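Chemist: Dropping a prediction and its sequence here:
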Amino acid sequence: MARKSNRTSPATNFQVFLSFRGPDTRQGFTDVLYHALVDAGIRVFRDNEEIRKGEYISEEILRAIEDSRIFVPIFSRTYAFSKWCLIELAKMVESKEGSSCSKRILPIFYDVSVDDVKLKTELYTEALSIHREKFSTDILHQWEEALREAGKITGWELKDKGHAEFAKEFVRKVSVELKVKKKYVTGSLVERIDEQDALISLLDLKSSHDVRLVWIHGMGGIGKTTLAKAVFNRLCDHFDGCCFLLDCWINF
């Protein structure tokens, strides 16, 4: 690992914000994608529009959008019929535009076309015409612009790919965008902080020039690799470069 020259600000609570229409994709595609991202060590916010009340977006949603670096609108047949989805999309576009290119929108066209999102077909234009009965012209214009802006971005269309196959490909893309360093570990090790602290103390991080090599001995299956991953996760943010080598043999 190459030590950082200075500390960065604390990590945000979320890295990826998923925006989707629950009845269309929650129990299928979105669930597969969400768990694939989480299993890769990515912090994901998955909204539940079905439990919303009132007319205004909650502070929790606003914070999640502001915290996240990647926004993933999953455009489905009834996405634009949901005011919550359109509110989220408009906020995502606003956040991206104010981020100096540090945030990205990665659209997924689940069972719609790019032209649908660009409002070149009747599908989403019909949805907006229904919203026009309840919302002002300014709000409708904001939603229209957000949809057209998202439609301009090169995204992914789910055609002949299975959900799991697509999720793996998408996770690789997101990991590259986020420069994910951390390794996924099971939750059971999180509480074993004493073992992690003991290993970190052996590494003597205050030393700026020496190399430390620590051997972890034990029979197979007791969690040696998992412990090493947990320690790696705790330390990697303190270095400019790092790499976790699995099954690497060293001969002396």
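Modeler: Looks like it arrived, so ask away. Computed from a predicted model, the values in this text were never measured in an experiment.
Chemist: what about the strands in the stretch 51-200 of the chain?
Modeler: 70-75, 104-105, 108-109, 156-157 (DSSP state E, counting those that start in this stretch).
Chemist: who touches the second one?
Modeler: Contacts of strand 104-105 from elsewhere in the structure, counted by C-beta atoms under 8 Å, 6 or more residues apart in numbering, are 69-73, 92-93, 96, 150, 153, 177. In short, each C-beta sits where N, CA and C put it, glycine included.
Chemist: Okay, buried residues for stretch 60-80 please.
Modeler: Burial within stretch 60-80, assessed by neighbour count using 16 or more other C-beta atoms under 10 Å, is assigned to 61, 64-80.
Chemist: residue contacts, the spatially closest residue to Ser95 that is not a sequence neighbour?
Modeler: Distance criterion C-beta to C-beta, 6 or more residues apart in numbering; nearest residue to Ser95, sequence neighbours excluded, is Ile65 at 5.5 Å. Residues in contact with Ile65 (C-beta under 8 Å, 6+ apart) are 17, 71, 88, 91-92, 95.
Chemist: now the helices: where do they sit in the stretch 151-252 of the chain?
Modeler: 163-178, 193-203, 224-235 (DSSP state H, counting those that start in this stretch).
Chemist: Tell me which of the ones you listed sits nearest to Leu128.
Modeler: helix 163-178 (28.0 Å; C-beta to C-beta).
Chemist: quick check: angle from that closest one to strand 70-75?
Modeler: Helix 163-178 and strand 70-75 are oriented at 150 degrees to each other (axes from the mean of the first three to the mean of the last three C-alpha atoms, to 10 degrees).
Chemist: can you list contacts of helix 163-178?
Modeler: Contacts of helix 163-178 (C-beta under 8 Å, 6+ apart): 15-16, 28-29, 32-33, 36-37, 40, 42, 69-70, 104, 106, 108, 156, 158, 161, 180.
Chemist: any idea how far that helix is from the chain center?
Modeler: 10 Å (C-alpha atoms, centre = their mean, to the nearest Å).
Chemist: Buried residues of it, list them for me.
Modeler: So, applying 16+ other C-beta under 10 Å, buried residues of helix 163-178: 163, 166-167, 170-171, 174-175, 178.
Chemist: and those residues, which two are the farthest apart?
Modeler: Most distant of those, by C-beta to C-beta, are His163 and Leu178, 21.5 Å apart.
Chemist: coming back round to it: let me have the buried residues of helix 163-178 in a markdown table, adding distance to Gly22 and pLDDT as columns.
Modeler: Output for the buried residues of helix 163-178, formatted as a markdown table (distance: C-beta to C-beta, whole Å; pLDDT from 0 to 100):
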| residue | distance to Gly22 | pLDDT |
| --- | --- | --- |
| His163 | 16 | 92 |
| Phe166 | 19 | 92 |
| Ala167 | 18 | 93 |
| Phe170 | 20 | 93 |
| Val171 | 22 | 91 |
| Val174 | 22 | 91 |
| Ser175 | 26 | 86 |
| Leu178 | 25 | 84 |
